[in-house]
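Participant: structure of the sequence below:
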Amino acid sequence: MPTHADRRVLVTDIDTRAPSRAPSGTPARPTRVISFSHRLSRWDLKFSPYLYISPFFIMFAIVGLFPIAYTAVISFMDWDLVRGTGTFIGFDQYLWVLSQPAFWVALRNTFSIFLLSAVPQMIAAIFIAAMLDRNLRAKTFWRMGVLLPYVVAPVAVALIFSNIFADRFGLINTILGNWGMPAIPWHVEPFWSHVAIATMVNFRWTGYNTLILLAAMQAVNRDYYEAATVDGAGAFRQFTSITLPSLKPTLIFVIITATIGGLQIFDEPRMFDNTGRGGSAQQWLTITLYLYNIGWGQWNFGRAAALAWILFLIILLIGLINLAVTRGLVRGEGTRNERPRRMRRKGGAR
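Facilitator: Predicted coordinates for the structure are as follows:
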């Protein structure tokens with residue numbers, strides 16, 4: 001049995017080590033008061049990123065979303081431009097556009113010019129980017145050189161190539177005549193007019209896409225190429241097995257942007273002749289040029305707005321198809337690990 005002295009020592013020892021309890025009704029520790037400056041610092045850390053990017057979204061809402069919504073409203077109305085009012089007529093504007101033979105001619109011409117420009121443009125951009133990615137002398141000079149056509153104004157490009165592709169006194173037909181060959185009817189035959197316009201588009205946009213693909217190629221880890229060289233893989237095998245799979249996100253971006261730009265082509269067909277109407281027999285009439293003729297030629301903005309929304313739906317559909325095809329054809333870096341992951345999930349990994 002402990003004595004009274006031992007109990008007093010034990011109690012004293014416990015009291016010296018244990019913290020004293022505060023009286024009932026008062027907190028154990030004083031409440032921390034957060035100052036206004038501390039709160040302001042926390043708000044700045046939390047909301048400042050949104051404030052930094054908000055100007056873009058505000059401007060996009062003003063000059064982007066509002067015109068889109070306004071155009072959608074006008075497309076369902078018989079719009080009076082002078083009074084700024086219209087009568088709701090439903091889908092009559094859309095039905096009128098789809099019933100016009102000129103719309104289907106413009107749609108055919110748009111897809112023809114798009115295919116003649118987008119496919120060679122992508123192939124040339126990938127090839128030039130691969131060449132610029134190698135160890136060349138004066139790399140900066142060549143990279144700046146491929147971007148120069150993009151800097152030139154579209155109207156200037158169209159005027160220059162219109163003289164090159166002139167029917168009677170153009171540069172190409174003059175050379176063909178000196179060689180004893182027949183002249184090419186650039187402004188008569190639809191196919192040759194599409195080739196001429198696609199050449200203008202390729203001249204202007206190939207360098208832009210080249211630099212985007214070149215930036216993606218330079219981001220690829222060089223250790224992959226060194227390992228492939230040690231294994232005996234050649235330049236073509238390295239390009240198909242390392243470079244192209246690594247370019248999948250960039251290729252998707254470039255193809256989708258090329259699709260959007262190709263289906264909205266306007267400057268080159270507009271400047272291909274003096275009238276800007278798409279040819280005497282609508283040989284190179286595109287959807288955007290037809291939209292311009294309806295809106296500013298016929299002063300019917302309701303039909304022009306309906307045609308704009310039809311073009312938007314076409315671009316959206318083609319963009320989704322391009323996205324699906326690109327994902328299927330261009331293999332990603334993680335594809336080779338998908339089978340082992342599935343096997344590990346099933347417990348079959350070795």
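
Participant: where are the low-confidence patches of the stretch 51-200 of the chain?
Facilitator: 82 (pLDDT under 70).

Participant: same check, this time on the stretch 251-350 of the chain
Facilitator: Flagging of the stretch 251-350 of the chain using pLDDT under 70 yields the residue ranges 328-350.

Participant: which neighbouring elements make contact with the helix or strand where I113 lies?
Facilitator: Assigned by DSSP states H and E, I113 falls within helix 101-132. Of the remaining helices and strands, those touching helix 101-132 by 3 or more CB pairs under 8 Å, 6 or more residues apart in numbering; DSSP states H and E are helix 139-151, helix 190-218, helix 248-263, helix 287-292. For the C-beta atoms, the positions are set from N, CA and C on the backbone; glycine is no exception.

Participant: in a strand, D78, correct?
Facilitator: Yes. Under DSSP: H, G, I helix; E, B strand; the rest coil, D78 falls within a strand.

Participant: just give the nearest non-adjacent residue to it, would you?
Facilitator: T87 (4.7 Å; CB to CB, 6 or more residues apart in numbering).

Participant: sec struct for that neighbour, please.
Facilitator: T87 - assigned by three-state DSSP - is strand.

Participant: what is the burial count for it?
Facilitator: Residues lying near T87 (other CB atoms under 10 Å) number 10.

Participant: pretty sure it contacts I74?
Facilitator: No. T87 lies out of contact with I74 (CB atoms under 8 Å); the separation is 11.4 Å.

Participant: run a quick neighbour tally on the residue nearest to F239 when sequence neighbours are not counted.
Facilitator: Nearest non-adjacent residue to F239, counting by CB to CB, 6+ apart: A130, 6.3 Å away. A130: 17 surrounding residues under other CB under 10 Å.

Participant: quick one: contacts for A130?
Facilitator: Neighbour list for A130: 217, 239, 243 [criterion: CB atoms under 8 Å, 6 or more residues apart in numbering].

Participant: swap in 10 Å and give it another go.
Facilitator: For A130, the contacting residues are 210, 213-214, 217, 235, 239, 243-244, by CB atoms under 10 Å, 6 or more residues apart in numbering.

Participant: ok so, going back, nearest to S117, out of the helices and strands packed on helix 101-132?
Facilitator: For these, proximity to S117 was assessed by CB to CB; helix 190-218 is nearest, at 3.9 Å.

Participant: which strands or helices does that closest one pack on?
Facilitator: helix 101-132, helix 139-151, helix 154-164, helix 244-246, helix 248-263, helix 267-270 (3 or more CB pairs under 10 Å, 6 or more residues apart in numbering; DSSP states H and E).

Participant: can you do 8 Å?
Facilitator: Counting contacts by 3+ CB pairs under 8 Å, 6+ apart, helix 190-218 packs against helix 101-132, helix 139-151, helix 154-164, helix 248-263, helix 267-270.
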